[in-house]
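**Student:** I need the structure of the sequence given here:
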Amino acid sequence: MKRKIFFLTGFMASGKSTIGPILANTLGWNFYDLDRVIENKTGMKITQVFAKHGEKYFREIEKATLQEISTEDNMIISLGGGTIADQLNVNFMKAKGEIIYLQASPEAYLRRLRFKKDRPALLGENQESLSAEELEKKIKMLLNERKKYYGQADYTINTDGISIGKTVDKIAKIILNDLK
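**Tutor:** You can find the predicted model right below:
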């Protein structure tokens, strides 16, 4: 049986951090949530890292941490929403395993993110919350910017209106079939 790492990518609130541990448990594999690993490593929440050090610093830590944890066989890694938006990260992940893109519609993301205050990429310049109209515009802009990266995923799973359990089942079948 082949051994691989499967990276779950997708926009913020696509379900990576929810689906990842359930999927790993279903397969009997290890699971890492990249953002949680970074928070443990830095002793700060992601929003604090962004506020204190800026996005460039965060992306450097993110890249290094991704490489540090991608050492085992048979593991699921849930990425941060913007991890995929770096071609070096994409190349690294493709060399180590396969990328699964959890996709949803901009409307679904807007519903899921409307009241979230812990997403640095969706805050205004002074860390203030955006209006619903500004939030929708920002989501569409970020999705458009990341489209070329998401398009490099090995598998795309649409999560709109599909239960977590059915999504996990679908991904588990893909992984088990891929490992044959």
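**Student:** and the longest helix for the protein?
**Tutor:** Across the chain, the longest stretch assigned as helix under DSSP state H is helix 132-150.
**Student:** Quick one: list the elements packing against that one.
**Tutor:** strand 5-10, helix 106-113 (3 or more C-beta pairs under 8 Å, 6 or more residues apart in numbering; DSSP states H and E). All C-beta spots, glycine's among them, are computed from the backbone N, C-alpha and C.
**Student:** Return the angle between stretch directions for the longest one and strand 5-10.
**Tutor:** The reference is to helix 106-113. Computed by axes from the mean of the first three to the mean of the last three C-alpha atoms, to 10 degrees, the angle separating helix 106-113 from strand 5-10 equals 90 degrees.
**Student:** And helix 106-113, what's buried?
**Tutor:** Ala108, Tyr109, Leu110, Leu113 (16 or more other C-beta atoms under 10 Å).
**Student:** Identify the residues contacting the lowest-mean-pLDDT helix or strand in the chain?
**Tutor:** Least confident helix or strand, the chain: helix 106-113 with a mean of 80, by mean pLDDT, DSSP states H and E. Helix 106-113 is contacted by residues 11-14, 104, 119, 122, 132, 135-136, 139-140, 143, 159-160 when judged by C-beta atoms under 8 Å, 6 or more residues apart in numbering.
**Student:** and if we set it to 6 Å?
**Tutor:** Helix 106-113 is contacted from outside by Phe11, Ala13, Glu136, Ile139, Lys140, Asp160, using C-beta atoms under 6 Å, 6 or more residues apart in numbering.
**Student:** now stretch 160-169: how far from the chain's centre is it?
**Tutor:** Chain-centre distance of stretch 160-169: 16 Å, with C-alpha atoms, centre = their mean, to the nearest Å.
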